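J.: Structure of the sequence below:
(one chain, ligands or ions: 1)
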Amino acid sequence: MTNQLLKGKRGIIFGALDENSIAWKTAERVFEEGGKFTLSNAPIALRMGKINDLAAKCKTEVIPADATSEQDLTNLYTKSMEVLGGKLDFVLHSIGMSPNVRKDKGYGDLNYDWFQKTLDISGLSFHKVLQTAEKLDAMNEWGSILALSYIAAQRTFPDYSDMAQAKALLESIARSYGYRYGKLKKVRVNTISQSPTKTTAGAGITGFDVFYDYAQMMSPLGNATAEDCANYIILMFSDYSRMVTMQNLMHDGGFSSTGITEDLIGRLTK
Ligand SMILES: NC(=O)c1ccc[n+]([C@@H]2O[C@H](COP(=O)([O-])OP(=O)(O)OC[C@H]3O[C@@H](n4cnc5c(N)ncnc54)[C@H](O)[C@@H]3O)[C@@H](O)[C@H]2O)c1
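T.: Reported below is the predicted structural model:
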């Protein structure tokens, strides 16, 4: 299914670690749809991951950037505009990490230095991505900037821990910056709230398999896959969604509007 929906558009895709990453699937689809982009990830992830294989496949370059560093982001935007030959039309922030989750710290025993890191990497970095773009005047009018969120921003999922606060921050930044960037340059800013997805970040959450299965049972369409998410991102980068901004868009097979399902009743009936 390719319609060249992104022909002539340029952008940056953050967060492709391996073939399972939502950003990886997105890069493959953006390439198929005719978009040109650079790939970026934190320097440490570049050493561990296989992003160079993806870059070769998509005929592009990898430019390292720690998304918490304004200096790295300035370098990334400047180089991306040089490599791609002009200002940008889309940016995907597909970044998340919590040291507390990674090291299995309970919610009543959080390490606050790590909590700050979670907020910085998974939430505040989105503001830095937006503010750096604005300062460098890196975006074309009607450009589209997206970040990926999770429903734990609105409802409690105990093992999601401090990532829930990071996602609430992320969604709030999309509204505040979406207003500002819309007024300034008609740039659109949204978050996509994605189903549980089997990736490195997803599988890092304790009990992930259980809440993956639970969401599957609670969604009339089932869980949205990383490929489904990539397709939705294509739509959001395209001109077909040009009046959508400041939204948290549920991409979850219906999970967020479902109270209970026959599947679950069947499972719980004694
Ligand atoms: N997997 C899920 O169940 C799920 C559900 C909803 C939302 N999301 C969100 O989707 C996004 C992508 O995650 P994924 O599931 O594809 O997992 P992933 O592990 O493949 O991607 C996370 C990426 O964040 C990058 N990253 C971490 N720290 C960074 C830093 N300081 N600077 C730059 N990059 C950094 C990692 O290197 C990695 O590439 C995240 O925001 C995640 O929270 C995931």
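J.: Show me what counts as buried in the helix-or-strand element of the chain with minimal mean pLDDT.
T.: The weakest-scoring helix or strand in the chain, judged by mean pLDDT, DSSP states H and E, is helix 200-203 (a mean of 82). Residues Ala201, Gly202 are the ones in helix 200-203 that count as buried (16 or more other CB atoms under 10 Å). (C-beta placed from N, C-alpha, C; glycine too.)
J.: can you tell me if that helix touches the ligand.
T.: Yes - against the ligand, helix 200-203 shows contacts by CB under 6 Å from any ligand atom at Thr200, Ala201, Gly202.
J.: Can you report how many residues neighbour Ile44?
T.: 10 (other CB atoms under 10 Å).
J.: And for Lys270?
T.: Using other CB under 10 Å, the number of residues around Lys270 comes to 2.
J.: Over to Gly85?
T.: Neighbour count for Gly85, taken as other CB under 10 Å: 8.
J.: Report whether the strand ranked longest in the chain contacts the ligand.
T.: Using DSSP state E to define each element, the chain has its longest strand at strand 139-149. Yes - contact between strand 139-149 and the ligand is present through Leu148, Ser149 (criterion: CB under 6 Å from any ligand atom).
J.: Only C-alpha atoms, please: export the helix or strand that that strand is followed by in CSV.
T.: Downstream of strand 139-149, the next assigned helix or strand under DSSP states H and E is helix 163-185. Taking C-alpha atoms only, helix 163-185 is exported to CSV below (Å, rounded to 0.1, in the frame of the first residue of the first chain):
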residue,chain,number,x,y,z
MET,A,163,6.4,6.9,33.1
ALA,A,164,2.8,7.8,33.7
GLN,A,165,3.8,11.3,34.9
ALA,A,166,6.2,11.6,31.9
LYS,A,167,3.4,10.8,29.5
ALA,A,168,1.0,13.3,31.2
LEU,A,169,3.8,16.0,30.7
LEU,A,170,4.3,15.0,27.1
GLU,A,171,0.6,15.3,26.3
SER,A,172,0.4,18.7,28.0
ILE,A,173,3.4,20.0,26.1
ALA,A,174,1.6,19.0,22.9
ARG,A,175,-1.3,21.2,23.8
SER,A,176,0.7,24.2,25.0
TYR,A,177,3.3,24.1,22.2
GLY,A,178,0.6,23.2,19.6
TYR,A,179,-1.2,26.4,20.4
ARG,A,180,2.1,28.4,20.1
TYR,A,181,3.4,26.8,17.0
GLY,A,182,0.0,26.9,15.3
LYS,A,183,-0.3,30.6,15.8
LEU,A,184,3.3,31.2,14.8
LYS,A,185,3.7,29.0,11.7
